[in-house]
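Chemist: kindly return the folded structure for what I paste below:
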Amino acid sequence: MTRKVRIGIDVGGTFTKAVLTDNETYDVIGKETVLTTHYAPEGVARGIVQVFHKVLEDFQIETKDVVFIAHSTTQATNALLEGDVETVGIVGMGTGFDGFRARRLTNVGEVKLAPGRTLKTVHSFIDTKGGLGEEKTKGVILDLINNGAKIIVASEAFGVDNPAHELSVVDVANRLGIPAIGAHEISKLYGLETRTRTAVINASIIPKMLATADMIERSVRKAGIKAPLMIMRGDGGVMNIGEMRKRPLLTLLSGPAASVAGALMYLKVSDGIFFEVGGTSTNIGVIRNGRPKLKYVELGGHHTFLHSLDVRVLGIAGGSMVRFRDGKIIDIGPRSAHIAGLTYSAFAKTDDILDPEMVPIQPMPNDPSDYVGIKTKNGKMFAITVTCAANALKITRVGDYAHGNPEAAKKAIEPLAEKLNLTVEETARKILEMASAKIVRLIKELMKEYALDPSYTTLVGGGGGASALIPFTANAVGLDYRISENAEVISSIGVALAMVRDAIERMIINPTPDDILRIRREAEDAAIRAGAAPGTVEVSVEIDPQRHRVIAIALGATELKTKELVRRATSEERKLEAAKSMRAPPENIQLVASTNFFDVFTARTKEKGLLRSLLGHVQPIRVVDKEGVIRLSIKNGVVFQSFVKQCLYNLKEHLEKYTLYTEAGPMIPDVYLLCGGRIVDLSGVRDPDQISSLLSVELKGRNPEDPVVLVLGL
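Modeler: Predicted coordinates:
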């Protein structure tokens, strides 16, 4: 039987990497790399096309066997940072008092993108009293084009509730051959100014993105591949190229998102801080209960309605070079050996490092000239990097992507050690201490921001430089760590395995079950438009009562799966995984509840303080899925086995029992429902009626006898 494959391509700062994965097992069966083509006429698109053809040819893949192809892109990010955008014409609309405000709020003026980079807009307003006339609309659009606009955004007060006028403007513009988009297509949230600004930023990059998308799609189709071409989104999912043509802004930060997607889909990380350590920079993201943390993107200090993964980028990585001035090491990075055009000394032959001497290096014209280079007797030049220091201390292991030649690294570090009056080992350790200190500061910030428990937090390393930096950093901060398999291509794996994703976010005060059902259907339809097969889409709903926001997140595959992706773990293996996570002997672990997809384990402990006096014994909880992956970790909580038919009754009973009443008001437990193959997370909902409404929607249509599990976090 012919093996079907998936292709994932990640565009990095230095390399563009492709992986082939087996469509049924997700095993990596091939990988290829080319230099990222920043300066080619076609930009990074050339490298995407090159590595795509290379991986097909080198692994003799027939085009009919490619069922999925996706790539990340730096183009949206680079276009906004570099100001490579088009002038946008804004058609603001409204009537009466709302129209008076809309005239001002839709005129967003120049939008600051980055230092010294702005986006120009031109604005016109139509009073919609009595409706829109086609000739009037046409005249307004043509005036905007004559004033320099290349693309149109239509934005009306309350256009998210009734987008008819926005769609009418888009239709007139398109019939004139002018690209246009309605603000409601970018965000469903109230907040006219922010919604308009987000739509304007999105529109400004559409012409540039279209040219690249068309070129890549032509190449894929010319190769005979009929599978849909998908693009990585900044929130960790993918969408088809048709949706990208309308909403390219969603690809912002898709490169960093790809690495987190790899951690979720390939490494099955449940709780931890994930690092993709490249040559020049490190991407860092937080994963809790198997879900990445997200945030709204800010551009030029302006708030937008664009959601992306909260991925922090640090200018420290495996290739970061040493800076030396006034007899001491003053910094590590941000320039890397890649930028300076130098080879890591750790990847040299021992005989190449002959009579090394230290020389100053200026990687780029405007950089300081205090970076350390090593010149050898035969005239060869090398760099001392973080990876070199790790090799000199024998931290890396044979088989690691970052493992090189420890002896060559030590010889290269000798002249620096002499100037510091230290041993080679002390010098290497100093390099790693200074490099890891930057990451340690961020780790502490993230742990505080997201209330991560050090007892259960693991550092997970991906990227080619992971083994050079993560073990030392983990030791410095006192946390466990692990380095991923195929670490150097984890982002490409993330692209290859990513699910189709879309999200609908609306402002609704006290949402009813009908409101929830409506937004669920809207999210499901959006995911299908983005390329998901209808039978694969699952929707989760979150309620933010403080901001009155309801968020429906739809995830789906591009095709139906007929086989399990990996071997099902035995009950004993699941128990051992829970024991390891809770740092308890296996004999102290109890299986307390289960469904067809999950086992729930506890390790009974005696809690001190208020909780003990009120509730007696409380316990840590681990929910482990059929593959042996921990999907939910709770420090203290209680578990109840139930069935669909009695779940809501049990919920009411247990909420009443475990709600604490204080002077500040009732403290309702965090509620989770294990139902089918999903964990319904209602931990942010504090209204018992809303919790019941959401659960009734989740349970609707299920077999009354199906087992479910309620988990309350205390």
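Chemist: for the rest of this, base every contact and every neighbour count on C-alpha atoms.
Modeler: OK.
Chemist: could you pull out the helices in the stretch 51-200 of the chain for me?
Modeler: 75-82, 96-105, 134-146, 164-175, 192-204 (DSSP state H, counting those that start in this stretch).
Chemist: Ala340 is nearest to which of the ones you listed?
Modeler: Across the helices of the stretch 51-200 of the chain, Ala340 has its closest neighbour in helix 75-82 (21.1 Å, Cα to Cα).
Chemist: and that closest one, what's buried?
Modeler: Across helix 75-82, burial judged by 16 or more other Cα atoms under 10 Å covers 75-77, 79-81.
Chemist: ok, Thr423 - contacts?
Modeler: The contact partners of Thr423, by Cα atoms under 8 Å, 6 or more residues apart in numbering, come to 414, 417.
Chemist: what do you get for Gly677?
Modeler: Gly677 sits next to 596-598 when contact means Cα under 8 Å, 6+ apart.
Chemist: neighbours of Leu570, how many?
Modeler: Actually, residue 570 is Thr rather than Leu. Other residues near Thr570 number 12, with proximity taken as other Cα atoms under 10 Å.
Chemist: pLDDT value on it, please?
Modeler: Note for Thr570: predicted pLDDT of 89.
Chemist: how close does it get to Ser692?
Modeler: In this structure, Thr570 and Ser692 are 34 Å apart, going by Cα to Cα, to the nearest Å.
Chemist: now swap in Gly262 and tell me
Modeler: Separation of Gly262 from Ser692 (Cα to Cα) stands at 34 Å.
Chemist: contacting residues around stretch 55-68?
Modeler: The contact list for stretch 55-68, computed with Cα under 8 Å, 6+ apart, reads 2-7, 18-20, 23, 30-32, 223-230, 496, 558.
Chemist: show the buried residues in the contacts of Gly677.
Modeler: Buried among the contacts of Gly677 (16+ other Cα under 10 Å): Phe598.
Chemist: between the contacts of Gly677, which is closest to Asp127?
Modeler: Comparing the contacts of Gly677 against Asp127 with Cα to Cα places Phe597 closest, at 55.6 Å.
Chemist: quick one: pLDDT of that closest one?
Modeler: Looking at Phe597, its pLDDT reads 89.
Chemist: and it, its phi and psi?
Modeler: Per-residue torsions, Phe597: phi -120, psi -20 (degrees, to the nearest 10).
Chemist: ok so, going back, which of the buried residues of helix 75-82 sits closest to Thr387?
Modeler: Checking those against Thr387 with Cα to Cα, the nearest one is Thr77 at 28.1 Å.
Chemist: looking at it, that closest one is touching Pro256, isn't it?
Modeler: No. Contact criterion Cα atoms under 8 Å: Thr77 and Pro256 do not qualify, at 11.0 Å.
Chemist: quick one: which of Gly262 and Ser692 has more around it?
Modeler: Using other Cα under 10 Å, the more surrounded residue of Gly262 and Ser692 is Gly262, with 28 against 17.
Chemist: which SSE is the more buried one in?
Modeler: Element membership for Gly262 (DSSP states H and E) is helix 254-265.
Chemist: and what of Arg702?
Modeler: Arg702 is part of no helix or strand when elements are defined by DSSP H and E.
Chemist: where does this structure have low pLDDT?
Modeler: Across the chain, the ranges flagged by pLDDT under 70 are 1, 559-567, 604-618.
Chemist: per-domain residue ranges of it.
Modeler: Following automatic domain parsing, the chain resolves into domains at 86-204, 320-432, 499-556, 571-713.
Chemist: now do the same end-to-end measure for the shortest one.
Modeler: Meaning domain 499-556. 6 Å.
Chemist: before we move on, the earlier item: contact partners of the helix holding Gly262?
Modeler: Outside helix 254-265, the residues that reach it (Cα under 8 Å, 6+ apart) are 10-12, 72-74, 232-237, 269-270, 274, 276, 283, 285, 290-292, 308-309, 311, 462, 490-495, 497-498.
Chemist: could you rerun that using 7 Å?
Modeler: Contact with helix 254-265 is made by 10-12, 72-74, 232-236, 269, 274, 276, 283, 285, 290, 309, 311, 490-495, 497-498, as judged by Cα atoms under 7 Å, 6 or more residues apart in numbering.
Chemist: okay, the angle between it and helix 75-82?
Modeler: Helix 254-265 runs at 140 degrees relative to helix 75-82, counting by axes from the mean of the first three to the mean of the last three Cα atoms, to 10 degrees.
Chemist: how far off centre is helix 254-265?
Modeler: 5 Å (Cα atoms, centre = their mean, to the nearest Å).
Chemist: same check on stretch 652-672?
Modeler: 33 Å.
Chemist: list the buried residues for it?
Modeler: 654-655, 658, 668-672.
Chemist: counting only helices, which of the residues you listed make the cut?
Modeler: Among the buried residues of stretch 652-672, DSSP state H puts 654-655, 658 in helices.
Chemist: closest one to Ala474 out of those, please.
Modeler: Tyr658 (37.2 Å).
Chemist: how about the closest one, what does it touch?
Modeler: Contacts for Tyr658 (Cα under 7 Å, 6+ apart) come out as Pro669.
Chemist: how far away is it from Val680?
Modeler: Plainly put, Tyr658 is 19 Å away from Val680 if you go by Cα to Cα.
Chemist: quick revisit: let's have the contacts of Gly677 in JSON lines, adding distance to Ile630.
Modeler: Output for the contacts of Gly677, formatted as JSON lines (distance: Cα to Cα, whole Å):
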{"residue": "Asn596", "distance to Ile630": "15"}
{"residue": "Phe597", "distance to Ile630": "12"}
{"residue": "Phe598", "distance to Ile630": "9"}
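Chemist: just the contacts of Gly677 now: which is nearest Ile206?
Modeler: Ile206 lies nearest to Phe597 out of the contacts of Gly677, by Cα to Cα, at 42.6 Å.
Chemist: quick one: that closest one from Leu651, how far?
Modeler: Separation of Phe597 from Leu651 (Cα to Cα): 21 Å.
Chemist: what of Ala578?
Modeler: 25 Å.
Chemist: the two - which one has more neighbours?
Modeler: The residue with more neighbours, out of Ala578 and Leu651, is Ala578; 30 against 22, by other Cα under 10 Å.
Chemist: which elements pack onto the host helix or strand of Val624?
Modeler: Assessed by DSSP H and E, Val624 sits inside strand 619-625. Counting contacts by 3 or more Cα pairs under 7 Å, 6 or more residues apart in numbering; DSSP states H and E, strand 619-625 packs against strand 598-603, strand 630-643.
Chemist: for Ile48, find the nearest of those strands.
Modeler: When these are compared by Cα to Cα, strand 630-643 sits nearest Ile48, at 34.2 Å.
Chemist: how far is the closest one from where the chain is centred?
Modeler: Here strand 630-643 is found 26 Å from its chain centre; the criterion is Cα atoms, centre = their mean.
Chemist: what angle separates it from strand 619-625?
Modeler: Computed by the same axes, to 10 degrees, the angle separating strand 630-643 from strand 619-625 equals 100 degrees.
Chemist: would you give the sheet partners of strand 630-643, along with the direction of each?
Modeler: Applying DSSP bridges to the sheet, strand 630-643 is found paired with strand 619-625 (antiparallel), strand 707-713 (antiparallel).
Chemist: if we compare the ones you listed, which one ends up closest to Glu86?
Modeler: Between those, strand 619-625 lies closest to Glu86; by Cα to Cα that is 48.0 Å.
Chemist: identify all contacting residues around the closest one.
Modeler: With contacts defined as Cα under 7 Å, 6+ apart, strand 619-625 is touched by 574, 578, 597-605, 630-637.
Chemist: can you check stretch 493-510 too?
Modeler: When contacts are defined by Cα under 7 Å, 6+ apart, stretch 493-510 is touched by residues 6-10, 19, 69-72, 188-190, 232, 237-239, 258-259, 261-262, 265, 519, 523, 526-527, 530-532, 548-557.
Chemist: please repeat the previous calculation with a cut-off of 6 Å.
Modeler: With contact meaning Cα atoms under 6 Å, 6 or more residues apart in numbering, stretch 493-510 is reached by 6-8, 188-189, 237-239, 258-259, 261-262, 523, 527, 532, 548-557.
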